[in-house]
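> need a structure here:
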Amino acid sequence: MNTIKFLFLFFTLTHLSYTLRSQTLDLYTKDSLALVEIDSIVQYHVDEQQFSGVIMLAEKGEIAYMKSAGWKYLRDGSIIDYHTCFSIASVTKMVTSIIIMQMDNEGLISINDPVSKWLPELNIPNGHKIHIHHLLLHISGLPNEPQSLYLQKYSPKKFVEICLDNQEVGEINEFNYSNIDYVLLGLIIEKIHRKSWEEVVNQRIIYPLNLDQTGFLSKDFQPDNYAFTYQITKENSLIADPEFHIENFYAAGKMFSNIHDLLKLDQAMYDTVFLPLENRKKMFTSYPEYNYSGYGVWTYRYPFVDGSPLVMERRGGILGANVVLLRLLDTRKTIIILSNNNKFQPDSFGDPHNLREALLRIWAK
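Residues are numbered from 1 along each chain as shown. Just a heads-up that it's a prediction; the model follows:
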């Protein structure tokens, strides 16, 4: 298809999808000036910033606003809808953290256990000094993986071996955001349960919460109605992301989900049976000296709104997959943004022009 025909198809499909969504939007909006303002912000980012994905705002589990935009597959121009699944990238780490907290509550592990207790066969440098606590906070001192690791399929143990091979190990208690920390947590979960990490996620998270649009990606598997990722260049060209072995991210980033399932997970984290109060407190405790990280999440007082509301947040990004789950803990309000291109950047703080920041400043009031 030549460029002119492609652009014609793109603008035709985009206009049609926006028209359909503007009609569907009435199902979720109430007579609220805040929601009108929110819709104006979202539409600006769709029209002018090329946002592609789904956005949901909820209060106490009830959807207040939802909108989708863009397309999920460049080759056929298929449109994203409210049920489209996305890579949730490092939100996977939050899922792994929840399981660790459940296991801590059940006495299966302690967050003060050294890694060497459970994975002695891996010969991890400082393994007797690195505790589960350090892995959860990304302060183990273990190195980042080489990007070439995703060019072929590796087992989680091989992933660890490659990460450690001829790489300098840092200091414990120094923050370094690294996937190896959560790969090791996945292996610890497997060692104790004598099941694969995926089976444990199914048993503890997916089946109990009825997350029927949540699962695990690989290079050779994507679910139906999946939003494939792509990049938009400075010249406004659209380039599909390369195929790679996303399964190598394992317990650090191989999951997919949709916006409805993420809202179920958000609400479940208020349930003291699913996540006991003491363990929830451990998980959400913020460490300012480590970039305000908690166990698989970030918790902080948001300073740009009166009252500085308490926010718990998890972001993720792998190539064009960019995602945010943002929870206002005092009011049980939620913002979820799922995107499949690079035009939405979740890693912002204090920038009122960023989509995430703009929505938070209104929804937190």
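
> tell me the SS of the residue nearest to residue 302 when sequence neighbours are not counted?
Excluding the flanking residues, the one nearest residue 302 by CB to CB, 6 or more residues apart in numbering is residue 311, at 4.8 Å. C-beta here means a position set from N, CA and C on the backbone, and glycine is covered the same way. Following DSSP: H, G, I helix; E, B strand; the rest coil, we place residue 311 in the strand state.

> Across the sheet, point out what pairs with residue 311.
residue 300, residue 328 (DSSP bridges).

> what does residue 321 give?
With DSSP bridges as the rule, residue 321 is bridged to residue 318.

> how long is stretch 220-229 from one end to the other?
End-to-end span of stretch 220-229 (CA to CA, to the nearest Å): 15 Å.

> List of residues touching it?
Residues from elsewhere that reach stretch 220-229 (CB atoms under 8 Å, 6 or more residues apart in numbering): 52-53, 72-74, 80-81, 83-87, 213, 215, 240-241, 256, 318-321, 338, 340-341.

> can you rerun that using 6 Å?
With CB atoms under 6 Å, 6 or more residues apart in numbering as the test, stretch 220-229 has contacts from 72-73, 80, 84-86, 241, 319-321, 340.

> ok, now stretch 145-160?
Here stretch 145-160 has contacts from 122, 162-163, 179, 183, 187, 244-245, 248, 250, using CB under 6 Å, 6+ apart.

> Arrange the residues you listed in CSV, one row each, with neighbour count, secondary structure and distance to residue 228 as further columns.
Listed next are the contacts of stretch 145-160 as CSV, based on neighbours: other CB atoms under 10 Å; DSSP: H, G, I helix; E, B strand; the rest coil; distance: CB to CB, whole Å:
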residue, neighbour count, secondary structure, distance to residue 228
122, 15, helix, 34
162, 17, helix, 27
163, 20, helix, 28
179, 23, coil, 22
183, 26, helix, 25
187, 23, helix, 29
244, 17, coil, 12
245, 17, coil, 16
248, 25, helix, 18
250, 28, helix, 21
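
> re the thing from before, flag the least confident of the contacts of stretch 220-229.
pLDDT is lowest at residue 73 among the contacts of stretch 220-229; the value there is 91.

> Number of residues surrounding the residue nearest to that residue when sequence neighbours are not counted?
Spatial nearest neighbour of residue 73, excluding adjacent residues (CB to CB, 6+ apart): residue 228 at 5.3 Å. Neighbourhood size, residue 228 [other CB atoms under 10 Å]: 20.

> Also residue 213?
Neighbours of residue 213 under the rule other CB under 10 Å: 20.

> Assign it to helix, strand or coil.
coil.

> Chain neighbours aside, what residue packs nearest to it?
Closest residue to residue 213 apart from its sequence neighbours, by CB to CB, 6+ apart: residue 258 at 4.4 Å.

> OK, contacts around the one you found?
83, 85, 213.

> And it, what's its pLDDT?
98.

> Show me the helices in the chain, by range?
For the chain, the helices defined by DSSP state H cover 3-24, 33-47, 91-105, 115-118, 132-137, 156-164, 180-193, 197-201, 259-268, 277-284, 355-363.

> Packing partners of the second one?
Think helix 33-47. Contact analysis of helix 33-47 by 3 or more CB pairs under 6 Å, 6 or more residues apart in numbering; DSSP states H and E lists strand 62-69, helix 355-363 as its packing neighbours.

> where's the residue nearest the centre of the chain relative to residue 250, distance?
Geometric centre of the chain, nearest residue: residue 91, 2.7 Å, by CA atoms, centre = their mean. Counting by CB to CB, to the nearest Å, the gap between residue 91 and residue 250 amounts to 14 Å.

> Residue 362: how many residues sit nearby?
16.

> which ones are touching it?
34, 37-38.

> Give the buried subset of those residues as a PyMOL selection command.
Selecting only the buried entries of the contacts of residue 362 in PyMOL, with 16 or more other CB atoms under 10 Å as the criterion:
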select buried, resi 38
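
> Reformat the contacts of residue 362 as a markdown table; add pLDDT and distance to residue 201.
Shown next, in a markdown table, are the contacts of residue 362 (pLDDT from 0 to 100; distance: CB to CB, whole Å):
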| residue | pLDDT | distance to residue 201 |
| --- | --- | --- |
| 34 | 88 | 36 |
| 37 | 94 | 38 |
| 38 | 96 | 33 |
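
> Look up the closest residue to residue 332, ignoring the ones flanking it.
Per CB to CB, 6+ apart, closest to residue 332 is residue 60, 4.7 Å.

> likewise residue 173?
Residue 173 sits nearest to residue 139 (CB to CB, 6+ apart), 5.2 Å away.

> Quote the end-to-end distance of stretch 315-323.
Per CA to CA, the first residue of stretch 315-323 is 6 Å away from its last.
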